[in-house]
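In: task: produce atomic coordinates for the following.
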Amino acid sequence: MTGKLLQPVYLAWVILTFLVCLLAAFPVMFVVGLWDKAWARKIIWYIVHYWATGWLFCMGMPLRRIGKRPGREKYVYVANHISYLDPVVIYAAIPYYFRTLAKKEMAKIPVFGYIYKQIAILVDRTSTESRAKSMRLMWRALKHECNIAVFPEGTFNESGRPLKEFYDGAFRLAINTQTPVLPMVFPDTVHRWPYNTTLGLKPGRNRVIYLEPVPTAGMTLRELPALKETVHKRMEEALVQYSA
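Out: Predicted coordinates for the structure are as follows:
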């Protein structure tokens, strides 16, 4: 009963702190974002990275890191996707500059959308041309600029299983660039902000588990199904273990 009475207060705190931080940082990110350059995107990324870490702490959801912290090597990061909180957690969880693949609809959100499109690679999943272009942009970014992060399930996992089937994109990219895949799992975000509720946030435990990187050196696209299956199996086992 007490929890239900305090929920509106907590929700108001979440919204207030989010808006205050966003609006306070927006002028800097707006000016920096006028340059479509890697250095400008990197500055914006660092602002978002530290904001995400601090905001999660203020929300009573501080991120606890388990496993070997990723180094400065280039990776294709992959993570499970089951909560509205995942896009925030991934910016706190990955310690070095990366760009992520995101739906183009995100860019339509006022203020937030402007910031997001500066550091994400946007894709229209209904367009074959847009998907192909996004793959080329990710290849270029990974080769010349930064890490890449992808939610390989594509959308929220509403299947009832630990993980949905993965799309090929992240693994095709990893093989084509001969870049290791670094899997991560977020076992708690579904309890912090469930995908089936818009305003049902709850404070509490919030972990990221880093798994061992999966090398792709020497692999060809013929081995893509095996790579995808290996990563899926490791992530599924970790989700089962840490959700128990």
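
In: quick one, what contacts the residue nearest to Glu158 when sequence neighbours are not counted?
Out: In space, Glu158 comes closest to Tyr195 once its chain neighbours are excluded; the distance is 6.8 Å by C-beta to C-beta, 6 or more residues apart in numbering. For the C-beta atoms, the positions are set from N, CA and C on the backbone; glycine is no exception. Contact partners of Tyr195, counting by C-beta atoms under 8 Å, 6 or more residues apart in numbering, are 82-84, 156-158.

In: the residue most central in space within the chain and Glu229, how far apart?
Out: When the chain is reduced to its mean C-alpha position, the closest residue under C-alpha atoms, centre = their mean turns out to be Ile90, at 3.8 Å. Look at Ile90 and Glu229: by C-beta to C-beta, to the nearest Å, they are 23 Å apart.

In: next: Val28.
Out: 44 Å.

In: before we move on, what about Asp168?
Out: From Asp168 over to Glu229 the distance is 12 Å, taken as C-beta to C-beta.

In: equivalent analysis for Arg64, please.
Out: 29 Å.

In: and the least confident helix or strand in the chain by mean pLDDT, C-alpha only, in PDB?
Out: Taking mean pLDDT, DSSP states H and E as the measure, helix 112-119 is the helix or strand of the chain with the lowest mean score, a mean of 79. Once non-C-alpha atoms are left out, helix 112-119 reads as follows in PDB (Å, rounded to 0.1, in the frame of the first residue of the first chain):
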ATOM      1  CA  PHE A 112      15.600  14.300 -26.900                       C
ATOM      2  CA  GLY A 113      15.300  13.300 -30.600                       C
ATOM      3  CA  TYR A 114      17.800  16.000 -31.700                       C
ATOM      4  CA  ILE A 115      20.400  14.700 -29.200                       C
ATOM      5  CA  TYR A 116      19.800  11.100 -30.000                       C
ATOM      6  CA  LYS A 117      20.200  11.400 -33.700                       C
ATOM      7  CA  GLN A 118      23.600  13.000 -33.200                       C
ATOM      8  CA  ILE A 119      25.100   9.900 -31.700                       C
END
